[in-house]
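Q: just the structure for this:
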Amino acid sequence: MGNATLTRPKDFHGDEMSELQISLIAIGILVVLAVYGYGTLQQRRYRNRVGAAFSARHGDALYQGALGTRSGGPSVILEEDIEQAVPELHTPVGTPDEPCNTLDAETDYIGVLFAESPLSPRVLAPLWQRRFDFGKGCYVCGVPATGGPWEKVVAESPISYVTLRLALQLADRNGAVSAAQLTDFRDLLRDIADDTKAEVNLPDVAEAAASAQRLDAFCAEVDHMIGLNILPAGEQLLHGSDVWDAAVRCGMALQADGAFHLLDAEGRTLFSLGNFDNTPFQHHTLGQTPVIGLSLQMDVPRVEQPTRRFNEMVVLARVISADLGAAVVDDHRMALGDAAIAIIRSQVAAIEKKMLSYPLIPGSALARRVFS
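A: Residues are numbered from 1 along each chain as shown. The predicted model follows:
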């Protein structure tokens, strides 16, 4: 069959279309595509605006001064400022959240059992029964009879161990362990060693009690929660559904404690966004809840590189406040300008430096265990 030339009739008959109708359809399609493209572009820009704050690879704003020096300036931060201001969000490297990798004489009373023949975890029944009686974290780690590194020991494990480390944490956010509790723990380990005919190495209780007091005093100096207030102007209120949308757009999710949390790659909380009056947010009532304001918080000892995280926190607060038509303010409802932010940043930096000198690395598995 030879080539055919398709011609379009000038008049509409049956299923045929006029040039005008086809043109209108084409224009309609172009309009839809343009609207969709614009919406996609705007969404991408918003994701980039927030994403740059938590994933872009840039230097540390603490040293670059990238947050600017516009004292008393507006709370809204520009896209280019975000990209300059906030370093990359990265997963801390080092030991995982396994107590066996963090036990230390400065933070734990550690008794060591050396057995002539492999021991089953069942011989530790007295400890399993009383492990919550000492008021602090109790940990059991062992070296398997088949060899390998220290591992966490559980009561129902079928594995036998040739060496066991039985540890009691010296302090946490509830204070230091008492000398009486340490004595009870030591005596329990001694009884277990006698029953199993194992050799046991037990530290001095008085020295451990002194270490517990030192650790508790140090922790009290650096245990700080930093908060940034996000409040609407005057007597206005925020709507719960708007708070939800703003938090979700920034990658936060509502958790069981009634606050929105931004998590790192390991599922650990970086920042939490709660109700200003401490009333927990709830899924089923959030849409009908008037909100007087928000509090964005960071638990300084429990995040890695707190100063760097604080820079990210400031950006996040400004993005959320701009989204809600609110402002980042101090406790007197005055706009929190760059000068005030710099003061807070210096305080966070001092805490970070002090922790590193202990050494108790902020955000490490050990720090999260002690500050719990």
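Q: the stretch 51-200 of the chain: helices as residue ranges?
A: 61-64, 79-85, 125-130, 179-196 (DSSP state H, counting those that start in this stretch).
Q: rank those by pLDDT, which is bottom?
A: Here the helices of the stretch 51-200 of the chain differ in mean pLDDT, and the lowest is helix 61-64 at a mean of 30.
Q: the closest residue to T163 other than its chain neighbours - how many residues pack around it?
A: In space, and not counting its chain neighbours, T163 is closest to V143: 4.5 Å by C-beta to C-beta, 6 or more residues apart in numbering. All C-beta spots, glycine's among them, are computed from the backbone N, C-alpha and C. Close neighbours of V143, defined as other C-beta atoms under 10 Å, add up to 16.
Q: how about S157?
A: S157: 16 neighbours (other C-beta under 10 Å).
Q: mind checking pLDDT for A105?
A: 93.
Q: could we number from 443 for the rest of this?
A: Sure, I'll start counting at 443 from here, so that last one is A547.
Q: which residues in the stretch 693-814 of the chain form helices?
A: Counting by DSSP H, counting those that start in this stretch, the helices of the stretch 693-814 of the chain are 748-766, 780-799, 807-812.
Q: and those, which is most packed in?
A: Counting by mean count of other C-beta atoms under 10 Å, helix 748-766 has the highest mean neighbour count of these, with a mean of 24.
Q: what mean pLDDT does it get?
A: 97.
Q: what angle separates it from helix 780-799?
A: 150 degrees (axes from the mean of the first three to the mean of the last three C-alpha atoms, to 10 degrees).
Q: out of the helices of the stretch 693-814 of the chain, which is closest to V595?
A: helix 807-812 (16.9 Å; C-beta to C-beta).
Q: determine the set of other helices and strands touching the closest one.
A: strand 613-614 (3 or more C-beta pairs under 8 Å, 6 or more residues apart in numbering; DSSP states H and E).
Q: does the residue nearest to T605 really touch V595, like I thought?
A: No: if you go by C-beta atoms under 8 Å, V585 and V595 don't touch, sitting 9.9 Å apart.
Q: overlap of the contact sets of those two?
A: 603, 606 (C-beta atoms under 8 Å, 6 or more residues apart in numbering).
Q: quick one, phi/psi of G669?
A: phi -130, psi 140 (degrees, to the nearest 10).
Q: against I552, how distant is it?
A: 36 Å (C-beta to C-beta, to the nearest Å).
Q: where along the stretch 493-642 of the chain do the strands fall?
A: 550-561, 580-586, 593-594, 603-611, 613-614, 617-618, 641-643 (DSSP state E, counting those that start in this stretch).
Q: over to the stretch 643-792 of the chain?
A: 667-673, 680-681, 695-696, 702-705, 711-717, 732-733, 736-741, 769-771.
Q: ok, the second one: who's next to it in the sheet?
A: The strands beside strand 680-681 in its sheet (DSSP bridges) come out as strand 732-733 (antiparallel).
Q: now swap in the fifth one and tell me
A: According to DSSP bridges, strand 711-717 forms sheet pairs with strand 702-705 (antiparallel), strand 736-741 (antiparallel).
Q: could you check how far L606 is from V585?
A: Taking C-beta to C-beta, one finds L606 at 8 Å from V585.
Q: same question for A809.
A: 26 Å.
Q: deepest of the strands paired with strand 711-717, which one?
A: strand 736-741 (a mean of 22).
Q: now that strand and strand 667-673, what's the angle there?
A: Using the same axes, to 10 degrees: strand 736-741 against strand 667-673 is 170 degrees.
Q: contacting residues around stretch 705-717?
A: With C-beta under 8 Å, 6+ apart, stretch 705-717 has contacts from 531-534, 539, 685, 689, 694-695, 697, 699-704, 722-723, 733, 735-741, 744-745, 751, 754-755, 758, 762, 805, 810.
Q: can you get me a residue count around A609?
A: Count around A609 with other C-beta under 10 Å applied: 24.
Q: and T727, by the same measure?
A: Neighbours of T727 (other C-beta under 10 Å): 11.
Q: now the closest residue to it other than its chain neighbours: how far from T549?
A: Computed as C-beta to C-beta, 6+ apart, the closest residue to T727 that is not its neighbour in sequence is G682, at 7.5 Å. As judged by C-beta to C-beta, G682 and T549 stand 41 Å apart.
Q: ok, F556 next?
A: In terms of C-beta to C-beta, F556 sits 23 Å off from T549.
Q: so for the two, which sits in the more crowded spot?
A: T549 (24 against 13).
Q: was I right to think the more buried one contacts V812?
A: Yes: between T549 and V812 there is a contact under C-beta under 8 Å: 6.0 Å.
Q: for the two, list the residues in contact with both.
A: Common neighbours of T549 and V812 (C-beta under 8 Å, 6+ apart) are 611, 613, 657.
Q: in a markdown table: these, plus distance to A792, pLDDT and neighbour count.
A: Shown next, in a markdown table, are those (distance: C-beta to C-beta, whole Å; pLDDT from 0 to 100; neighbours: other C-beta atoms under 10 Å):
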| residue | distance to A792 | pLDDT | neighbour count |
| --- | --- | --- | --- |
| Q611 | 26 | 97 | 23 |
| A613 | 21 | 97 | 23 |
| L657 | 19 | 96 | 22 |
